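**Q** Got a sequence here, can you model it:
(chains A and B)
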Protein chains: 2
Amino acid sequence: MTGGISIYPVGSIGEIQPGDRIADLICQHVSLVGNDVVVVTQKAVSKAEGMVVGVKDDPESKRALILSQSRRVLRQRGELMITETIHGFVCANAGVDYSNVNPGHAALLPRDSDRSARRIRDGIIARTGVSVGVVISDTFGRPWRQGVTDVALGVAGIAAILDLRGTRDWGGRELSATEVCIADEIASAAELVMGKASGIPVAVIRGIDPAWLRESSVAKEVIRPHGGDLFR
Amino acid sequence: MTGGISIYPVGSIGEIQPGDRIADLICQHVSLVGNDVVVVTQKAVSKAEGMVVGVKDDPESKRALILSQSRRVLRQRGELMITETIHGFVCANAGVDYSNVNPGHAALLPRDSDRSARRIRDGIIARTGVSVGVVISDTFGRPWRQGVTDVALGVAGIAAILDLRGTRDWGGRELSATEVCIADEIASAAELVMGKASGIPVAVIRGIDPAWLRESSVAKEVIRPHGGDLFR
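**A** Below you'll find the predicted structure:
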């Protein structure tokens, strides 16, 4: 079979520490080739960037932390809040996450995940001369469907959205719903080899169409403007 | 690099005709091995099952067709309707789709995509003796994020949801948001090699954890009950 892609976990990196240079760790543990796409979990990026904060183990403190990371609350049920984060994402509990961090601490989302992706990409290029794409992934729920999936918080050097508007299908008919969020699909694909419990912070996708590697941004291309959203 | 998965398009099948046996076509065009997961697009399944209907090219007829496939309308803007389909999915225009079908026709969603997946799986096993998983995929939009991604409409022989509740992270802390919808992640991963315009109806994912291959159902595991949904 040909024309496919391969996805590999990079499990040997281990736990990320504040101040770690993720680009260096990646280059030490995997041999990248041109047009590879490197997917890094939000948790790894947040730890490296020092976005882990102490929080008291009571509902009020936890709620205050979520609100400090939110622009507004969309829905609430018990301790679960669906909010729009200060970054513009809509997700549970503003992305505040207590798993895989030390007790009494929580990981927050990176301040600017596109910039985090760009920094990792620049570091890889500086170190290896190899041009890659980088996706920062996180695990989000969604309405109407049970179970979480991974989505992209930030990208660098890889298109967030593939715009097929104006492309014709094989019957010659112009395609309609044709902006594909390949950044989210890449994040989901990578999750299949990373697992939730195993603490693998990085995966590499090899064989992506080179035409997809371009400058891009999740903030600019994926986050839906308020006026264009039927559910905000 | 080891421990990864590979995803291959099966492009040689060509256009599906009413009455085609998809399992036979797959077995003629690709050599499957145990634990492969075969992803088949909804469009291919709908065509094979004769779920393509004639529709007049005016807004009223198109709207009536959408409503005939819907339980209720959640949102509406211009010609776009977000509805809950008769199958329980929430998506644009009840999944009625005019691309890659003959002019004056529209493809509807399969009546029971889990059953469609099971029929394809049974056909492959009968023909080859190889046990595979099958996912029926379709392209859905979602709130808050631009761009479409592929999700699973039906599954057979592969878990729709991976339940990690009670699993501990590498720090020993019990995981919280831990029902992962691997069926949707598999559909998204497959879309990366199928493309929207190229009319590739099938992809094969090799290397999935064999523990994930079990009986399952999108209708029972993924579609969120009304009472558990904050956005319905």
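
**Q** Who are the contact partners of the residue most central in space within chain A?
**A** Residue closest to the mean C-alpha point of chain A, counted by Cα atoms, centre = their mean, is A:Ser137 at 2.0 Å. By Cβ atoms under 8 Å, 6 or more residues apart in numbering or on different chains, the residues touching A:Ser137 are A:Val39, A:Val40, A:Thr41, A:Gln42, A:Asp150, A:Val151, A:Ala152, A:Leu153, A:Ala187, A:Ala190, A:Glu191. For the C-beta atoms, the positions are set from N, CA and C on the backbone; glycine is no exception.

**Q** ok, now A:Arg71?
**A** Counting by Cβ under 8 Å, 6+ apart, A:Arg71 has contacts A:Thr83, A:Glu84, A:Thr85, A:Ile86, A:Gly88.

**Q** Just those: which are in strands?
**A** Among the contacts of A:Arg71, DSSP state E puts A:Thr83, A:Glu84, A:Thr85 in strands.

**Q** Of those - the most surrounded one?
**A** Top of these by neighbour number is A:Thr83, holding 23 neighbours under the definition other Cβ atoms under 10 Å in any protein chain shown.

**Q** The residue lying closest to A:Asp184 once chain neighbours are set aside: which element?
**A** In space, and not counting its chain neighbours, A:Asp184 is closest to A:Val151: 4.5 Å by Cβ to Cβ, 6 or more residues apart in numbering or on different chains. When elements are assigned from DSSP states H and E, A:Val151 belongs to strand A:149-156.

**Q** and the helix or strand bottoming out on mean pLDDT in chain A, what does it pack onto?
**A** None of the helices or strands of chain A scores lower by mean pLDDT, DSSP states H and E than strand A:162-163, at a mean of 90. When contacts are defined as 3 or more Cβ pairs under 8 Å, 6 or more residues apart in numbering or on different chains; DSSP states H and E, strand A:162-163 packs onto strand A:179-180.

**Q** same thing but at 6 Å, please
**A** Under the contact definition 3 or more Cβ pairs under 6 Å, 6 or more residues apart in numbering or on different chains; DSSP states H and E, strand A:162-163 sits against no other helix or strand.

**Q** that older thread, where does the residue nearest to the centre of chain A land in three-state SS?
**A** strand (DSSP: H, G, I helix; E, B strand; the rest coil).

**Q** ok, back up a step: partner strands of the least confident helix or strand of chain A, parallel or antiparallel?
**A** strand A:179-180 (antiparallel) (DSSP bridges).

**Q** can you list contacts of the strand it pairs with?
**A** A:Ile161, A:Leu162, A:Asp163, B:Gly147, B:Val148 (Cβ atoms under 6 Å, 6 or more residues apart in numbering or on different chains).

**Q** let's see it at 10 Å
**A** Applying Cβ atoms under 10 Å, 6 or more residues apart in numbering or on different chains, the contact partners of strand A:179-180 are A:159-165, A:221-222, B:139, B:141, B:146-150, B:188, B:191-192, B:195-196.

**Q** Just the buried positions in the longest helix that chain A contains, please.
**A** Counting residues, the longest helix in chain A under DSSP state H turns out to be helix A:113-128. Buried residues in helix A:113-128, counting neighbours by 16 or more other Cβ atoms under 10 Å in any protein chain shown, are found at A:Ser113, A:Asp114, A:Arg115, A:Ser116, A:Ala117, A:Arg118, A:Arg119, A:Ile120, A:Arg121, A:Gly123, A:Ile124, A:Thr128.

**Q** try stretch A:16-24
**A** A:Ile16, A:Asp20, A:Ile22, A:Ala23.

**Q** A:Ser70 versus A:His105, what's the distance?
**A** Note on A:His105: its distance to A:Ser70, by Cβ to Cβ, to the nearest Å, is 19 Å.

**Q** the more surrounded of those two?
**A** In terms of neighbours (other Cβ under 10 Å), A:Ser70 is the more surrounded of A:His105 and A:Ser70; the figures are 22 against 11.

**Q** So the more buried one sits against A:Ala94, correct?
**A** Yes - here A:Ser70 reaches A:Ala94: they are 4.7 Å apart, a contact under Cβ atoms under 10 Å.

**Q** Give the residues shared as contacts by the two.
**A** Shared contacts of A:Ser70 and A:Ala94, counting by Cβ under 10 Å, 6+ apart, come down to A:Met81, A:Ile82, A:Thr83, A:Glu84, A:Thr85, A:Ile86.

**Q** Just the closest of these to chain B, please.
**A** A:Ile82 (6.3 Å; Cβ to the nearest Cβ).

**Q** Hmm, B:Asp229 and that closest one touching each other?
**A** No - shown here, A:Ile82 and B:Asp229 do not form a contact pair, counting by Cβ under 10 Å, at 11.3 Å.

**Q** Looking at these two now, which is surrounded by more residues?
**A** A direct count of neighbours by other Cβ under 10 Å for A:Ile82 and B:Asp229 places A:Ile82 higher, at 20 against 15.

**Q** Pull the contacting residues for the more buried one.
**A** Counted by Cβ under 10 Å, 6+ apart, A:Ile82 has contacts A:70, A:73-76, A:90-94, A:141, A:143, B:144, B:230-231.

**Q** rerun at 8 Å
**A** So A:Ile82 contacts A:Val73, A:Leu74, A:Arg75, A:Gln76, A:Val90, A:Cys91, A:Ala92, B:Leu230 (Cβ under 8 Å, 6+ apart).

**Q** Nearest residue to the second one in space, please, no chain neighbours.
**A** In this structure, A:Leu74 finds its nearest non-sequential neighbour in A:Ile82, 4.7 Å apart by Cβ to Cβ, 6+ apart.

**Q** sorry, back to before: could you verify my assumption that the residue nearest to A:Asp184 touches A:Phe140?
**A** Yes - counting by Cβ atoms under 8 Å, A:Val151 touches A:Phe140, with 5.0 Å between them.

**Q** Settle it for me: which of the two has more neighbours?
**A** A:Val151 (29 against 21).

**Q** mind checking how far the more buried one is from A:Gln42?
**A** Where A:Gln42 is concerned, A:Val151 sits at a distance of 10 Å (Cβ to Cβ).
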